[in-house]
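Q: build me a structure from this.
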Amino acid sequence: MTELSLVGQAAFQPANTADIADAIVKASGMRIEIDRRRGRGATLNPSGRFESQERVAFDDGWQTLEDMPPFRTEVQVERPRSVITRNDSPDLPFDRSVNPYRGCEHGCVYCFARPSHAYMGLSAGLDFEAKLFAKPDAPRLLERELGKPGYKPKTIAIGTNTDPYQPIEREWRIMRQILEVLDKANHPVMIVTKSALVTRDIDILASMAERGLVKVGLSVTTLDRKLARLMEPRASTPAKRLEAIRKLSDAGIPTSVLASPLIPALNDHELERILDSAKVAGACEASYVLLRLPLEVSPLFRDWLLQHYPDRYRHVMSLLRSMRDGKDYDAEFGKRMRGTGPYAWQISRRFEMAAKRLGLGRRSAQLRDDLFVPPLGSGVQLSLL
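A: Numbers count the residues shown, from 1 in each chain. Model (predicted):
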């Protein structure tokens with residue numbers, strides 16, 4: 001076994017996302033053997049889009065591909081200078097977020113955050129879910145940034161890029177330390193996760209909820225355990241996520257359900273069942289997002305679809321493109337989350353009718369920012385007065 005290096009931009013740098021998808025999906029030699037990626041979501045591991053070479057493993061007659069080691073989770077420490085990320089997107093209900101980790105072991109094949117791994121010189125495929133970065137300094141940096149003169153508190157979102165409660169959080173406990181900083185400062189926070197591990201921090205979350213400082217969203221993509229296992233192999237099972245909604249709700253923590261992403265002809269028929277189940281579990285809010293396939297996510301998702309649901313491939317992609325102006329993805333604000341066209345309108349109406357019937361409002365729980373107390377802990381510059 002050896003690796004073939006395709007030098008320059010020729011091999012996998014086509015003109016647009018659709019061409020990238022076709023190039024990678026047709027390159028069957030790039031699909032990683034199942035024994036090497038067992039328990040992972042992606043089937044490919046193409047080089048990052050900024051790399052000048054593309055490496056493809058192939059059998060040269062000396063060794064077999066079966067001799068290559070499986071992908072194992074590796075965690076490196078990242079030392080950022082700041083931890084609060086700002087945005088001005090009109091599609092998002094927040095303007096700042098914190099990410100304790102880079103990459104995500106949950107391995108959701110559709111994850112829109114996968115392309116961010118290219119900035120680390122890594123693949124958006126299997127590298128994204130196996131080569132992870134932890135930010136142990138995040139709690140200290142957050143405390144310092146909250147204590148800066150002139151800081152104005154507004155809700156911080158956590159879990160909007162990669163999941164703060166992914167499996168490595170059990171060991172690193174960075175998210176819990178972040179919550180301790182926010183709790184002490186009376187700072188509002190909104191959490192999104194696919195993990196039942198969030199219930200570990202009910203003691204902190206319940207205390208913050210009493211002051212109107214927190215709400216938690218559980219993403220429930222499907223109620224089909226088999227489909228969930230294929231799409232998001234290391235995330236909590238659907239039943240565990242619904243149980244987490246119940247435990248959080250019973251503790252007085254405002255909890256919402258995110259039916260996302262909705263994938264046409266694959267899981268969109270479950271929309272009403274997901275909302276029904278979440279309401280019974282105690283959810284008070286609901287939302288949904290249409291499948292997004294930016295950059296490398298498109299070929300990764302398409303190859304996954306070809307391997308696991310080849311009979312639905314054309315139908316799924318045809319419906320998706322009908323909602324994206326004929327493309328795999330449209331990044332335009334106002335369109336990227338919901339899509340356009342008759343099928344997108346139908347999904348929107350179904351959601352609105354089900355949410356209204358169940359009393360699941362959108363963003364009904366307003367968080368308080370008038371209780372904020374600037375931290376005076378380690379790393380915060382004290383006043384000279």
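
Q: looking at this, residue 41 is in a strand?
A: No: counting by DSSP: H, G, I helix; E, B strand; the rest coil, one finds residue 41 to be coil, located in no strand.

Q: list the residues that contact the residue nearest to it when sequence neighbours are not counted.
A: In space, and not counting its chain neighbours, residue 41 is closest to residue 107: 3.4 Å by C-beta to C-beta, 6 or more residues apart in numbering. Bear in mind the C-beta positions are built from the backbone N, C-alpha and C, glycine included. Residue 107 sits next to 39, 40, 41, 42, 129, 232, 233, 234, 235 when contact means C-beta atoms under 8 Å, 6 or more residues apart in numbering.

Q: if you set the cut-off to 7 Å instead, what comes out?
A: Counting by C-beta atoms under 7 Å, 6 or more residues apart in numbering, residue 107 makes contact with 40, 41, 42, 129, 232, 233, 234.

Q: neighbours around residue 202, how many?
A: 18 (other C-beta atoms under 10 Å).

Q: please, which helix or strand holds it?
A: Using DSSP states H and E, residue 202 sits in helix 202-210.

Q: other SSEs contacting that helix?
A: Applying 3 or more C-beta pairs under 7 Å, 6 or more residues apart in numbering; DSSP states H and E, we find helix 202-210 packed against helix 174-185, strand 214-219.

Q: what strand or helix carries residue 54?
A: Judged by DSSP H and E, residue 54 forms part of strand 53-58.

Q: circling back to that earlier point, any chance of the helices and strands packed on helix 202-210 in TSV, plus mean neighbour count, mean pLDDT and distance to residue 315?
A: Listed next are the helices and strands packed on helix 202-210 as TSV, based on neighbours: other C-beta atoms under 10 Å; pLDDT from 0 to 100; distance: least, C-beta to C-beta, whole Å:
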stretch	mean neighbour count	mean pLDDT	distance to residue 315
helix 174-185	20	98	39
strand 214-219	26	98	24
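
Q: JSON lines please, covering these and showing distance to residue 117.
A: Below are these laid out as JSON lines (distance: least, C-beta to C-beta, whole Å):
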{"stretch": "helix 174-185", "distance to residue 117": "19"}
{"stretch": "strand 214-219", "distance to residue 117": "20"}
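
Q: what are the pairing partners of the strand ranked longest in the chain, and which direction each?
A: For the chain, the strand with the greatest residue count under DSSP state E is strand 255-262. Using DSSP bridges, strand 255-262 pairs in its sheet with strand 214-219 (parallel), strand 285-290 (parallel).

Q: all set, thanks.
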